[in-house]
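[1] here's a sequence, model it:
(one chain, ligands or ions: 1)
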Amino acid sequence: MVQQYRALKNRYEIEKTIGSGGFAKVKLATHILTGEKVAIKIMEKLYLGKDLHRVKTELEALKGLSHHHISKLYEVIETPTHFFIVMEYCSGGELFDHIVEKKKLSEMESRLFFRQILSAVAYAHSKGYAHRDLKPENVLLDKDQTLKLIDFGLCARPSGGLQCHLNTSCGSPTYAAPELIKSEEYLGSEVDVWSMGVLLYALLCGFLPFDADNIKTLYEKISNGHYEEPSWLSSGSKSLLKRMLEIDRKKRITVEELLDHRWMKLGFNEPVCYNSLFNFDERDDECVKLLAEYHGVECDAMWGRLSKMNYDHDTATYLILLMRKKQGQPIKLA
Ligand SMILES: CN(C)C[C@H]1CC[C@H](N2C(=O)N(C)Cc3cnc4ccc(-c5cc(Cl)c(O)c(Cl)c5)nc4c32)CC1
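    Numbering: from 1, shown residues only. Next up is the predicted model:
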């Protein structure tokens with residue numbers, strides 16, 4: 001018998017645990033009204049301690065980010081003892097597992113995935129957020145191999161914008177930029193470019209550029225930035241990786257330069273676009289009507305509640321209906 005939570009009763013049916021990360025458990029559940037599969041990140045406040053601010057940080061980030069390559073936030077439920085964060089479920093699992101089973105990806109397969117990662121990161125930066133924990137485990141795939149970025153628990157949104165220096169040492173060392181592991185001041189946008197370089201290397205090579213069985217050797221390898229260049233890498237891939245895994249962050253390529261880079265455009269002939277395909281602020285009359293009928297209220301009154309986007313259960317139902325409509329699926333309520 002799977003443990004159910006009172007706060008989710010009659011709204012979500014929990015099926016199983018799909019992962020746990022430190023202070024959180026992530027469960028697969030069904031949104032009962034629509035039958036949609038969702039991921040619910042459950043955190044017990046008692047065990048959060050100093051991580052409470054990470055939850056608040058992630059929630060603020062997820063509320064400010066609506067992009068087709070970022071796992072969508074649907075609903076936030078806070079009780080005296082727990083936080084429940086209801087998000088878009090990614091049934092295709094981790095990108096990392098996809099790479100492992102295929103050993104390595106072709107240059108074009110890598111480009112297809114990497115353009116999506118870059119689109120999500122460039123969008124987050126355009127909203128003032130640096131992810132700071134970009135790694136294969138935080139890049140998931142949904143049912144049709146569309147890439148989804150997750151876990152903004154370590155993200156930063158400096159009040160003065162991303163040009164402002166940060167100094168919190170965070171993220172996983174394997175993917176962390178030299179300036180970050182040296183606890184120097186750094187720019188969120190620059191460390192995200194380095195981590196994307198590590199991700200691109202993993203896509204193209206099937207293994208990591210900097211790896212060691214002890215932290216000291218790992219730091220040495222990252223600090224001097226030496227990594228193997230397997231024979232199958234094209235000269236275009238090698239020169240792009242060199243620009244991303246550049247230890248001198250002043251010489252490191254920027255996100256803007258990446259968007260329009262020659263390697264990015266091979267086979268596409270157009271720069272990577274980071275605008276979101278979703279605009280949840282717009283009123284969708286069909287979805288509003290379904291919810292209004294369900295609650296037995298007027299459409300305008302229903303929209304009055306929905307447009308506040310306060311991530312309650314109506315927000316979740318509305319966003320799921322909108323996502324379904326975008327994917328050309330029929331929309332109805334149970
Ligand atoms: C290693 N991490 C610290 C935790 C791990 C927990 C399971 C999760 N997951 C998986 O590992 N699958 C393989 C299935 C899966 C499917 N859909 C998901 C949708 C969203 C999320 C998610 C998880 C966390 Cl901790 C977030 O903060 C956000 Cl914004 C989103 N995780 C999902 C998820 C991946 C991450």
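[2] where in the chain is pLDDT low?
    Residue ranges of the chain with pLDDT under 70: 1.
[3] can we see that at 80?
    Applying pLDDT under 80 to the chain picks out residues 1-3, 21-22, 152-171, 280.
[4] now P173: how far from S195?
    11 Å (Cβ to Cβ, to the nearest Å). Glycine gets a C-beta too; all of them are placed from N, C-alpha and C.
[5] looking at those two, which one has more neighbours?
    Neighbours per residue (other Cβ atoms under 10 Å) separate P173 from S195, with S195 holding more: 26 against 14.
[6] residues of the stretch 51-200 of the chain that sit close to the ligand?
    Counting by Cβ under 6 Å from any ligand atom, the residues of the stretch 51-200 of the chain close to the ligand are 58, 71, 87, 89-90, 93-94, 137, 140, 150-153.
[7] quick check on the residues you listed: which are buried?
    E58, S71, M87, Y89, C90, E94, E137, L140, I150, D151, F152, G153 (16 or more other Cβ atoms under 10 Å).
[8] in strands only, show me the residues you listed.
    Judged by DSSP state E, these include M87, E94, L140 as members of strands.
[9] and the residue nearest to Q145 when sequence neighbours are not counted, how many neighbours?
    Once flanking residues are discounted, Q145 sits nearest to G92: 6.0 Å by Cβ to Cβ, 6 or more residues apart in numbering. Residues contacting G92 under the criterion other Cβ under 10 Å number 16.
[10] show me the contacts for G92.
    Residues in contact with G92 (Cβ atoms under 8 Å, 6 or more residues apart in numbering) are H98, L140, L141, D142, K143, D144, Q145.
[11] before we move on, what about Y5?
    I14, I42, H82, F84.
[12] what does the residue lying closest to the first one once chain neighbours are set aside show for phi and psi?
    Right, I14. Nearest residue to I14, sequence neighbours excluded (Cβ to Cβ, 6+ apart): A29, at 4.7 Å. Main-chain dihedrals, A29, degrees, to the nearest 10: phi -140, psi 170.
[13] how about A29: which residues does it bridge to?
    I14, V38 (DSSP bridges).
[14] okay, it and E179: tell me how far apart.
    In terms of Cβ to Cβ, A29 sits 40 Å off from E179.
[15] which one's more surrounded, the two?
    Taking neighbours as other Cβ under 10 Å, A29 and E179 compare with A29 leading, 26 against 19.
[16] quick one: list the elements packing against the longest helix belonging to the chain.
    Ranked by residue count, the top helix of the chain under DSSP state H comes out as helix 107-126. Applying 3 or more Cβ pairs under 8 Å, 6 or more residues apart in numbering; DSSP states H and E, we find helix 107-126 packed against strand 147-149, helix 188-205, helix 255-259, helix 262-265.
[17] how about the helices in this structure?
    With DSSP H as the criterion, the chain has helices spanning 52-64, 95-101, 107-126, 178-181, 188-205, 215-224, 235-244, 255-259, 262-265, 285-295, 299-306, 313-326.
[18] need the winner for burial among those helices.
    helix 188-205 (a mean of 25; mean count of other Cβ atoms under 10 Å).
[19] what's it packed up against?
    Against helix 188-205 (3+ Cβ pairs under 8 Å, 6+ apart) you get helix 95-101, helix 107-126, helix 178-181, helix 235-244, helix 255-259.
[20] now with 6 Å?
    Applying 3 or more Cβ pairs under 6 Å, 6 or more residues apart in numbering; DSSP states H and E, one finds that helix 188-205 contacts helix 107-126, helix 235-244.
[21] would JSON lines of the helices of the chain with distance to F23 be doable?
    Converted to JSON lines, these look like this (distance: least, Cβ to Cβ, whole Å):
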{"stretch": "helix 52-64", "distance to F23": "8"}
{"stretch": "helix 95-101", "distance to F23": "22"}
{"stretch": "helix 107-126", "distance to F23": "23"}
{"stretch": "helix 178-181", "distance to F23": "22"}
{"stretch": "helix 188-205", "distance to F23": "22"}
{"stretch": "helix 215-224", "distance to F23": "22"}
{"stretch": "helix 235-244", "distance to F23": "31"}
{"stretch": "helix 255-259", "distance to F23": "30"}
{"stretch": "helix 262-265", "distance to F23": "36"}
{"stretch": "helix 285-295", "distance to F23": "34"}
{"stretch": "helix 299-306", "distance to F23": "31"}
{"stretch": "helix 313-326", "distance to F23": "23"}
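[22] for A24, which of the ones you listed is the nearest?
    helix 52-64 (8.4 Å; Cβ to Cβ).
[23] quick one: that closest one to helix 107-126, angle?
    With axes from the mean of the first three to the mean of the last three Cα atoms, to 10 degrees defining the directions, helix 52-64 sits at 100 degrees from helix 107-126.
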